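S.K.: Provide a 3D model corresponding to the input given below.
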Amino acid sequence: MNHKFGIALAALTLSCSALAQTKWDLPTAYPPSNFHTENLAQFVSDVDKATAGKLKITLHPNAALFKAPEIKRAVQGGQAQMGEILLVNFQNEWQVFGADGIPFLADSYDAAWKLYQAQKPVLAKKLAEQGIVLLYTVAWPPQGIFINKPINAAADLKGVKWRAYSPATARIAELVGAQPVTVQQAELSQAMATGVVESYMSSGSTGYDTKTYEYLKHFYDTQAWLPKNAVLVNKKAFDALDKPTQEALLKAGAEAEKRGWATSKTKTQEYLDLLKKNGMTIHEPSAQLKADMKKVGETMIKEWTEKAGAEGQAVLDAYRKM
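M.R.: Now for the predicted structure:
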């Protein structure tokens with residue numbers, strides 16, 4: 001009898017400890033070596049430590065669990081408790097998601113941080129309505145133009161096969177007369193190798209991650225915008241955690257945000273040096289190219305404001321007052 005009782009007790013204890021551990025999935029579209037993913041890995045480890053293993057988060061890099069465009073919906077629907085997205089990818093759903101993809105609106109880390117502060121209240125509110133908690137964001141390094149030939153003006157981009165990965169990058173292509181082709185980061189190397197893509201706008205980190213230097217030999221450092229990745233949590237999953245675990249998660253998120261922005265900043269030059277080392281020519285854009293791209297930016301700010309309405313205008317006003 002006692003022996004049986006002992007087994008039952010042991011089984012009960014086991015199931016209680018299993019119940020006490022919560023397991024979450026965290027999909028992201030970027031490779032393990034990308035600084036965003038490394039930052040997430042550090043965050044996961046911080047949460048593990050802070051909760052003494054009570055909250056176990058499994059990181060799924062490289063779009064292995066969900067492709068980039070599916071991650072937000074997966075978090076919203078609870079198929080994944082967390083996820084990392086590139087905000088500008090979701091501009092068609094709600095214009096304010098794309099505020100940090102407007103060329104030359106915020107073209108430095110300080111400006112990008114201010115824009116985030118202006119955008120954050122409406123961003124958090126919108127995501128909350130969708131059952132999502134905004135945990136933190138991290139900016140990518142400033143965006144420039146990767147291309148297979150030297151260029152001096154926007155006119156040189158006419159007819160070029162241009163990778164579009166967001167509504168804004170597709171619109172830039174239209175405005176300069178390039179040919180937009182939609183390609184996600186995971187498929188970019190393949191697209192360049194087969195000549196489907198001859199040019200695109202992104203950061204030095206994407207250029208390095210995708211070995212762009214093997215296909216395209218020129219980078220124009222236009223510093224056009226600094227798009228942000230956002231790390232999201234399913235609200236129901238968050239609410240199901242006990243208070244200390246919630247606090248540990250929020251604290252680790254705040255630390256990851258601080259660390260991520262600082263890393264992004266230091267990595268900017270590092271990535272450009274790596275591209276150069278691998279045979280890419282880094283150009284300061286000509287005065288003509290700068291002026292042409294600024295014009296594209298002005299058109300896009302105007303278009304964005306019209307579409308984004310009062311909400312968008314309020315974000316811009318708050319940003320410009322900072």
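
S.K.: May I have stretch 95-108 as PDB, with CA atoms only?
M.R.: Below are the C-alpha coordinates for stretch 95-108, written out as PDB (Å, rounded to 0.1, in the frame of the first residue of the first chain):
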ATOM      1  CA  GLN A  95      -0.100  52.500 -42.200                       C
ATOM      2  CA  VAL A  96       1.500  53.400 -38.800                       C
ATOM      3  CA  PHE A  97       3.400  50.000 -38.900                       C
ATOM      4  CA  GLY A  98       5.300  51.500 -41.800                       C
ATOM      5  CA  ALA A  99       6.300  54.900 -40.300                       C
ATOM      6  CA  ASP A 100       9.900  53.800 -39.900                       C
ATOM      7  CA  GLY A 101      10.100  52.700 -43.600                       C
ATOM      8  CA  ILE A 102       9.500  56.200 -45.000                       C
ATOM      9  CA  PRO A 103      12.700  57.300 -46.700                       C
ATOM     10  CA  PHE A 104      14.600  60.200 -45.200                       C
ATOM     11  CA  LEU A 105      12.000  60.800 -42.400                       C
ATOM     12  CA  ALA A 106      14.400  59.500 -39.700                       C
ATOM     13  CA  ASP A 107      17.900  58.900 -41.000                       C
ATOM     14  CA  SER A 108      20.000  58.500 -37.900                       C
END
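
S.K.: And the next helix or strand past the helix or strand hosting Tyr200?
M.R.: Under the criterion DSSP states H and E, the helix or strand holding Tyr200 is strand 199-202. Once the chain leaves strand 199-202, the next helix or strand it forms, by DSSP H and E, is helix 204-209.

S.K.: still on that earlier bit, what's the average pLDDT for the strand holding Tyr200?
M.R.: Per-region confidence: strand 199-202 scores 96 on mean pLDDT.

S.K.: And the contacts of that strand?
M.R.: Residues external to strand 199-202 that are found in contact with it (CB atoms under 8 Å, 6 or more residues apart in numbering): 140, 143-148, 157, 160-165, 169, 172, 178, 183, 188, 216, 222, 224. Using the backbone N, CA and C atoms, a C-beta is placed for each residue, glycine as well.
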